[in-house]
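have a look; sequence and predicted model below, questions after that.
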Amino acid sequence: MSTTAQELDARGLNCPLPILRAKKAINGLQHGQILRVRATDPGSVKDFDAFCKATGNELVSSEQDGGEYVFQIRKH
Amino acid sequence: MSTVTELSSSRLPQDLLQQHGAALDAWFNDRFAKKLKEVEENKTPSLAIIATKGAMDWAYPPFILASTASALGWDVSVFFTFYGLELLKKKLNLQVSPLGNPGMPMKMPFGPEWFQGINWNIPNAVMAGVPGFEKLATGLMKKTVKNNGVASIQELRDVCVEAGVNLVACQMTVDLFGYSREDFIPEVKDWIGAASFLPVAQQSDVCLFI
């Protein structure tokens, strides 16, 4: 499994900012690279799932770690 | 579609058609459904929004939906008309009014938790009579937005501009309210009328009037 190419701290941000920031970060990645996002918005769980389905990027993992959510997205 | 129809009616012998017509239809229906699905899946979805309100609270839906749709890779157009033009001003000065807005909670964004939980039931007569009440309400709303990590309107608009959202303004309103094009951000792509935006709206998958 490839390693994380970039980290994004979206903690404290609310809908739709985590998605908008993630989209921007993904734009700067190469095909196959992984973005790791940390967020605190509970709505981001469903949003990142939908975002990845719509954009064709792969949601490698979606985990809850205490009050934080961690997503790993592989760029399509 | 037409090739199968033409083929079956013109070239295939009648008896063959009678014998296999049902099978041909079934084959075509199946193939057509698959093709239609393929076309749908490869299509870039599009969103068209008509933004007509110039208050701070009403500025959120168009900018949140437009910026998010652009992040999903959709083609997005927003037509700003009437008070919606306020959202395109170089200097955003959007206010929120609790007057005649019974759904708006009046809560304080500071102080201890029990205090922040109070919904201040202020009579309309007081809201209307106290000078600067809207300024106060707007200030409190901005603070609440910031406290909750919600984006500012400026931030969302910047994302839309950066993502190349098609921001178009109603020329008639500009004339009607005596504005000049210099009052608005230079990223306004076009100055158009209803006749120009309706065809855009017609072609869109999602069309919203806000």
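Looks like it came in fine. Numbers count the residues shown, from 1 in each chain, chains lettered A, B, ... in the order given.

up against chain B, what does chain A have?
Chain A comes close to chain B at residues A:12-17, A:19-20, A:22-23, A:40-41, A:51, A:54-55, as judged by CB under 8 Å from any CB of the partner chain. Backbone N, C-alpha and C define where each C-beta goes, glycine included.

for these, which one is nearest residue B:64?
If you rank the residues of chain A next to chain B by distance to residue B:64 using CB to CB, residue A:16 comes first, at 5.6 Å.

please name the residues that touch that closest one.
Applying CB atoms under 8 Å, 6 or more residues apart in numbering or on different chains to residue A:16 gives the contacts A:47, B:64, B:67, B:68, B:71, B:151.

excluding sequence neighbours, find me the nearest residue to the second one.
Just to be clear, that refers to residue B:64. Ranked by CB to CB, 6 or more residues apart in numbering or on different chains and with sequence neighbours excluded, the top spatial neighbour of residue B:64 is residue A:16, at 5.6 Å.

same check, this time on the last one
Counting by CB to CB, 6+ apart, residue A:17 is the residue found nearest to residue B:151 once chain neighbours are left out, at 5.1 Å.

what's around the one you found, how many residues?
Neighbour count of residue A:17, defined by other CB atoms under 10 Å in any protein chain shown: 23.

go on, residue B:53?
Neighbour count for residue B:53, taken as other CB under 10 Å: 18.

give me the number of residues near residue B:117?
By other CB under 10 Å, 10 other residues sit near residue B:117.

how about whichever residue of chain B sits closest to chain A, what does it touch?
Taking CB to the nearest CB, chain A has its nearest neighbour within chain B at residue B:71, 3.9 Å off. For residue B:71, the contacting residues are A:16, A:19, A:20, A:22, A:23, A:51, A:55, B:159, B:163, by CB under 8 Å, 6+ apart.

residues from chain B in reach of chain A?
For chain B, the contact set with chain A under CB under 8 Å from any CB comprises B:64, B:67, B:68, B:71, B:72, B:73, B:148, B:149, B:150, B:151, B:155, B:159.

any stretches of chain A with poor pLDDT?
A:1-2 (pLDDT under 70).

can you find the residue of it that comes nearest to chain B?
Per CB to the nearest CB, residue A:23 is where chain A lies closest to chain B, at 3.9 Å.

buried stuff in the host helix or strand of that residue?
Per DSSP states H and E: residue A:23 is located in helix A:17-27. For helix A:17-27, burial by neighbour count (16 or more other CB atoms under 10 Å in any protein chain shown) applies to A:17, A:18, A:19, A:20, A:21, A:22, A:23, A:25, A:26.

can you tell me which of those is closest to residue B:46?
residue A:23 (17.4 Å).

which residues sit in contact with that closest one?
By CB under 8 Å, 6+ apart, the residues touching residue A:23 are A:51, A:55, B:71.

picking that back up, out of the residues of chain B next to chain A, grab the one that's most surrounded.
Among the residues of chain B next to chain A, residue B:67 has the most neighbours (other CB under 10 Å), with 26 neighbours.

which positions in the host helix or strand of it come out as buried?
Residue B:67 belongs to helix B:56-71 when elements are defined using DSSP H and E. By neighbour count, with 16+ other CB under 10 Å as the criterion, the buried positions of helix B:56-71 are B:56-60, B:62-71.

what residues sit buried inside the longest helix along chain B?
Criterion DSSP state H: the longest helix present in chain B is helix B:14-42. Residues residue B:24 are the ones in helix B:14-42 that count as buried (16+ other CB under 10 Å).

against which helices or strands is it packed?
Under the contact definition 3 or more CB pairs under 8 Å, 6 or more residues apart in numbering or on different chains; DSSP states H and E, helix B:14-42 sits against no other helix or strand.

any idea where the strands of chain B begin and end?
For chain B, the strands defined by DSSP state E cover B:46-51, B:75-80, B:166-170, B:190-192, B:206-209.

okay if I get these as a markdown table plus mean pLDDT, mean neighbour count and distance to residue A:36?
Formatted as a markdown table, the strands of chain B follow (pLDDT from 0 to 100; neighbours: other CB atoms under 10 Å in any protein chain shown; distance: least, CB to CB, whole Å):
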| stretch | mean pLDDT | mean neighbour count | distance to residue A:36 |
| --- | --- | --- | --- |
| strand B:46-51 | 97 | 23 | 29 |
| strand B:75-80 | 96 | 24 | 28 |
| strand B:166-170 | 95 | 22 | 32 |
| strand B:190-192 | 92 | 15 | 40 |
| strand B:206-209 | 96 | 14 | 31 |
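
thank you kindly, that will do.
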